[in-house]
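In: Need a 3D model of the following:
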Amino acid sequence: MFPTRDVDRNPLVCEYGLCKYSNFQVMMLQELAEDSPAGLIPRSIQTVLMDDLAGQLKPGDKVFITGLYKA
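Out: All right, here's what the predicted structure looks like:
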């Protein structure tokens, strides 16, 4: 069911056509086991692929990623 009022009972109005849809893929990037320090679990980080990069990877692919780290 689509909400028509917020928590303060103010009416909500839907504005169509103002949304921008974007293709994305969320993946967990993990360092190679042979590159991690001995006796430690390989580190991993969640990575978001946007637009034309989405859908290009599948589980098990080995990749080299260059990008911006956003905390």
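
In: count of residues packed around residue 71?
Out: By other C-beta atoms under 10 Å, 2 other residues sit near residue 71. Heads up, the C-betas are built off the backbone N, CA and C, glycines and all.

In: nope, residue 35 is what I was after
Out: When neighbours are counted by other C-beta under 10 Å, residue 35 registers 8.

In: Spatially nearest residue to it (excluding sequence neighbours)?
Out: Excluding the flanking residues, the one nearest residue 35 by C-beta to C-beta, 6 or more residues apart in numbering is residue 42, at 7.6 Å.

In: State the number of residues packed around that neighbour.
Out: 12.

In: what does residue 14 give?
Out: 8.

In: Report the separation between the residue in the chain sticking out farthest from the centre and residue 3.
Out: Farthest-out residue of the chain from its mean C-alpha position, per C-alpha atoms, centre = their mean: residue 9, at 33.4 Å. The gap separating residue 9 from residue 3 is 11 Å, by C-beta to C-beta, to the nearest Å.

In: For the protein, which segments count as helices?
Out: Counting by DSSP state H, one finds no helices in the chain.

In: any idea of the pLDDT on residue 9?
Out: We note a pLDDT of 92 for residue 9 in this prediction.

In: now do residue 68
Out: On pLDDT, residue 68 comes in at 81.

In: Against residue 21, how distant is it?
Out: Going from residue 68 to residue 21 by C-beta to C-beta gives 22 Å.
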